[in-house]
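S.K.: 3D model of this:
(2 chains)
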Amino acid sequence: MTQDTYEPRPYRRRISLFWWTERRTYLVFILRELSSVFIAWSAVFLLLLVRAVSQGSDEYAAFLDWAASPWVLVLNVIAVAFVLLHAVTWFDLTARATVVRRGGRRVPTWMIAAGGYVSWALVSVVVAWILVGA
Amino acid sequence: MWLLFSAGGVLAALFLPVLLFLFALAFPLGWISPPEYGHVLDVLGHPLVRVGLWLLVFLALFHWAHRFRYTLYDGLQIKHRAGLVAGLCYGSAAVGSAIAVYLLWNVP
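M.R.: Residues are numbered from 1 along each chain as shown, chains lettered A, B, ... in the order given. Just a heads-up that it's a prediction; the model follows:
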């Protein structure tokens, strides 16, 4: 008699396409990951600004006007919100993942996070000062 | 690979909020009067700014590519098209970075 060998396969549950809607933590996770799309948009937006500036002062003014047009504005308001989400989740996450030991004890997470936020504030002030002037 | 993603995340977190707030909201809406063209040109023309801005764009795009690739895997469950997804993500990041080099090189 022939013997059929049976190879057991691990049980793989089918995952619904909407798995991330089931829990709030899943939703927040997906939103956090989607913030990267607006990081990419910001990069594109900045490149558009660079191009406009290279073309001349009229184009620079036109760019700012375009940026104020309704749909672009809506997109950018959403973008700013997601960029802020990225920044906040980034500082909190990396603070938790960073292990610094001082004298045998681990530096508390909130201190590392505070360092991140202070750097953020400093960078923002410097950039704003360079652009907007004294 | 992961280091690029990480660097992109840090730079994006530090620089994008203020830059986006100023150029996407404050200046266009007149909350803060936009800098004079001449001043912007001076700032942008500075070699350090050109290189720094390119680095920001390159790393931000790479950060997106890396993260979005995995979000697509997780979110849409398309692990079986892994090669194509990765190619599209990193590919478009590379294209964006190349465009950035061209634009920033050619600022008058």
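
S.K.: State the distance from the residue of chain B most remote from its centre to A:I112.
M.R.: Relative to the centre of chain B, the most outlying C-alpha is that of B:H80, 28.4 Å out, by C-alpha atoms, centre = their mean. Separation of B:H80 from A:I112 (C-beta to C-beta, to the nearest Å): 39 Å. For the C-beta atoms, the positions are set from N, CA and C on the backbone; glycine is no exception.

S.K.: looking at chain A, which helix or strand does the model trust least?
M.R.: strand A:101-102 (a mean of 78; mean pLDDT, DSSP states H and E).

S.K.: mind checking how far the residue most central in space within chain B is from chain A?
M.R.: Among the residues of chain B, B:V57 comes closest to the average C-alpha position under C-alpha atoms, centre = their mean, at 3.0 Å. Distance, B:V57 to chain A, by C-beta to the nearest C-beta, to the nearest Å: 5 Å.

S.K.: List the buried residues in the strand or helix carrying that residue.
M.R.: According to DSSP states H and E, B:V57 maps onto helix B:47-76. Buried residues in helix B:47-76, defined by neighbour count with 16 or more other C-beta atoms under 10 Å in any protein chain shown: B:50, B:53-69, B:71-75.

S.K.: do the same with stretch B:13-27
M.R.: Buried-residue list, stretch B:13-27, by 16+ other C-beta under 10 Å: B:13-27.

S.K.: Likewise for stretch A:63-81?
M.R.: A:63-64, A:67-68, A:72-73, A:76, A:79-80.

S.K.: Ok, stretch A:34-54 next?
M.R.: A:34-36, A:38-43, A:45-47, A:49-54.

S.K.: That one and chain B, are they touching?
M.R.: Yes - Stretch A:34-54 is in contact with chain B by C-beta under 8 Å from any C-beta of the partner chain, via A:34, A:36-37, A:39-40, A:42-47, A:49-51, A:53-54.

S.K.: most centrally placed residue in chain A?
M.R.: Residue closest to the mean C-alpha point of chain A, counted by C-alpha atoms, centre = their mean, is A:H86 at 3.0 Å.

S.K.: Nearest residue to it in space, ignoring adjacent ones along the chain?
M.R.: Nearest residue to A:H86, sequence neighbours excluded (C-beta to C-beta, 6 or more residues apart in numbering or on different chains): A:S35, at 4.1 Å.

S.K.: Helix, strand or coil: sort out the one you found for me.
M.R.: Of the three states, A:S35 takes helix according to DSSP: H, G, I helix; E, B strand; the rest coil.
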